[in-house]
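Student: Give the three-dimensional model of this entry:
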Amino acid sequence: MTLHINESEVKSVFTMPRAIEAVEAISKRQAAGEVLVHPRRRFELPDGAFFHHMAAADVPGGFVATKQYTYVGGKLKFLVSLFSTKNGELLSLIEADILGQMRTGAASGVATKYLARKDAVTAGIVGTGLQARTQLEAIVAARGLKSVKVYGRDPERREKFDNGKPACGERRRRLSRYAHQRYRRKSYEETRTGRGDRGQMQQDLR
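Tutor: Numbers count the residues shown, from 1 in each chain. You can find the predicted model right below:
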């Protein structure tokens with residue numbers, strides 16, 4: 001029987017530590033040549049719409065999955081289909097907007113785990129778009145941070161990002177904005193690439 005999993009169900013059970021663990025495990029298998037990957041392909045539909053698809057197989061695990069998504073009228077819709085390579089059965093259909101955001105963030109979590117300094121306590125993130133929150137959530141899961149510095153040119157999106165309380169849990173935060181100050185060169189996970197210092201904000205997690 002095929003399992004149908006919607007976005008709310010993904011959100012309720014799929015945590016960032018789980019995502020990081022899964023991405024790390026499959027990355028090791030890919031490095032060992034045990035994963036097959038079919039790169040993303042896309043074609044254009046009428047009125048500026050697009051359809052995208054990609055696939056991958058976990059050979060030792062006995063799974064193959066496809067991911068498809070549409071871009072129509074400025075909206076994205078995602079679906080993952082999971083099959084067994086042992087009997088060919090369709091195991092699950094998963095609405096995959098949140099799933100994709102978590103997976104993308106988890107890759108940064110794995111990178112942070114192996115590449116960031118062990119004593120790093122400050123993270124820097126550039127941009128406050130759709131993927132920013134899970135990127136930061138993954139970094140926090142990999143390191144015990146004390147502060148986060150966020151750069152974004154759009155004041156409304158910065159404020160929304162802050163109000164969303166990404167990755168901070170129950171910790172008390174203080175927010176201070178800087179209009180024209182330079183970044184201090186400390187132990188940032190990522191570095192600023194935007195123009196100037198307009199709209200920098202600091203989230204103090206202490």
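Student: just checking, what packs against the helix ranked longest in the chain?
Tutor: Longest helix in the chain, counting residues (DSSP state H): helix 97-115. Packing contacts for helix 97-115, counted by 3 or more CB pairs under 8 Å, 6 or more residues apart in numbering; DSSP states H and E, involve helix 7-13, helix 16-31, strand 75-84, helix 132-142. Glycine gets a C-beta too; all of them are placed from N, C-alpha and C.
Student: and of these, who's closest to Phe43?
Tutor: Phe43 lies closest, by CB to CB, to one member of those: strand 75-84, at 15.8 Å.
Student: for the closest one, which positions count as buried?
Tutor: Of all the residues in strand 75-84, those buried under the rule 16 or more other CB atoms under 10 Å are Phe78, Leu79, Val80, Ser81, Leu82, Phe83.
Student: Turn the helices and strands packed on helix 97-115 into JSON lines, columns for distance to Ala57.
Tutor: Rendered in JSON lines, the data for those read as follows (distance: least, CB to CB, whole Å):
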{"stretch": "helix 7-13", "distance to Ala57": "21"}
{"stretch": "helix 16-31", "distance to Ala57": "10"}
{"stretch": "strand 75-84", "distance to Ala57": "9"}
{"stretch": "helix 132-142", "distance to Ala57": "25"}
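Student: Give me the contacts around the longest helix of the chain.
Tutor: Counting contacts by CB atoms under 8 Å, 6 or more residues apart in numbering, the residues outside helix 97-115 that touch it are 7, 10-11, 14, 16, 19-20, 22-24, 27, 67, 76-78, 80, 130-131, 133-139, 141-143, 189.
Student: What subset of those residues is buried?
Tutor: Among those, those buried by neighbour count (16+ other CB under 10 Å) are 10, 14, 16, 19-20, 23, 67, 78, 80, 133-139, 141-143, 189.
Student: Leu115 - how many residues pack around it?
Tutor: A total of 9 residues lie near Leu115 under the criterion other CB atoms under 10 Å.
Student: same deal with Arg158?
Tutor: Other residues within reach of Arg158, judged by other CB under 10 Å, total 20.
Student: picking that back up, got the helices and strands packed on helix 97-115 as a markdown table, with mean pLDDT and distance to Ala56 columns?
Tutor: Supplementary listing: the helices and strands packed on helix 97-115 in a markdown table, determined by pLDDT from 0 to 100; distance: least, CB to CB, whole Å:
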| stretch | mean pLDDT | distance to Ala56 |
| --- | --- | --- |
| helix 7-13 | 96 | 18 |
| helix 16-31 | 97 | 8 |
| strand 75-84 | 97 | 10 |
| helix 132-142 | 92 | 20 |
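Student: closest one to Glu159 among those?
Tutor: Proximity of the helices and strands packed on helix 97-115 to Glu159 was assessed by CB to CB; the nearest stretch is helix 132-142, lying at 13.3 Å.
Student: Tell me where the model's unsure across this protein.
Tutor: Along the chain, segments meeting pLDDT under 70 span 163-206.
Student: Chain neighbours aside, what residue packs nearest to the residue nearest to the spatial centre of it?
Tutor: Centroid-nearest residue in the chain, with CA atoms, centre = their mean: Gly105, separated by 2.4 Å. Here the nearest residue to Gly105 in space, its sequence neighbours aside, is Thr134; by CB to CB, 6 or more residues apart in numbering that works out to 3.1 Å.
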